[in-house]
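A.B. asks: how does the following fold in three dimensions:
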Amino acid sequence: MKKNLISILILALLIVNIVLTAIMMFSVTSTNSKTAALVTDIASAISLDIEGMRSGASAVPLENTVTYTIADMTILLKDDTNTEEGTEKKDHYAQLTVVLSMDNRHEDFAANGSGDLSSREDLIKGRISDVVGKYTLNEAKQNTQAITSDILNSIQGLFDSDFIFEVTLVSPLYM
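C.D. replies: Residues are numbered from 1 along each chain as shown. Got it, this is the predicted structure:
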């Protein structure tokens, strides 16, 4: 009789173990599927970000890139309104050389002087001055990437084309 009682106890514990294991598996499976979906969303967002970066400057091979340099521009920066009262306001300048990278396979490249932008250089300088002049000294030092992006958008708007695909600031000096 003692053996039968122990067998029944073991059977009951076995059934409880199976029930608890099943409950645990269902709860872990639903959490696991949610985690997998989150990881998939993050991976797709990262993949989109990488593909978006490839579509810009690196999409044009180096052998199809033509550059045009606008050397030694000195631009007055916006006044910093955070100066203390009683201190003299000091003008700040940005001195930079701007290199425009163009795609020589683009259909608008030939229509815009085949890379010789010297006839439109004053218009381009005006756009660059307008963009850089909107920044204060501290903003310009901290946001060089934003400045190049704004210059690129402004110049692409000027030509109403994206044959100029990259703007590079060579040794910007802010004083």
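A.B. asks: A strand includes Ser161, no?
C.D. replies: No - Ser161 is assigned coil when assessed by DSSP: H, G, I helix; E, B strand; the rest coil, not a strand.
A.B. asks: that one against His106, yeah?
C.D. replies: Yes - contact criterion CB atoms under 8 Å: Ser161 and His106 qualify, at 7.3 Å. Quick note: C-beta positions are derived from backbone N, CA and C, even for glycine.
A.B. asks: same for the helix or strand encompassing Ile75, what does it pack against?
C.D. replies: In this assignment (DSSP states H and E), Ile75 forms part of strand 65-76. Applying 3 or more CB pairs under 8 Å, 6 or more residues apart in numbering; DSSP states H and E, one finds that strand 65-76 contacts strand 93-103, helix 121-132.
A.B. asks: what mean pLDDT does the last one have?
C.D. replies: Think helix 121-132. When pLDDT is averaged over helix 121-132, the result is 91.
A.B. asks: for that helix, which positions count as buried?
C.D. replies: 124, 127-128, 131-132 (16 or more other CB atoms under 10 Å).
A.B. asks: now the residues you listed as CSV including distance to His92?
C.D. replies: Converted to CSV, those look like this (distance: CB to CB, whole Å):
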residue, distance to His92
Ile124, 23
Arg127, 20
Ile128, 17
Val131, 16
Val132, 11
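A.B. asks: good, wrapping up.
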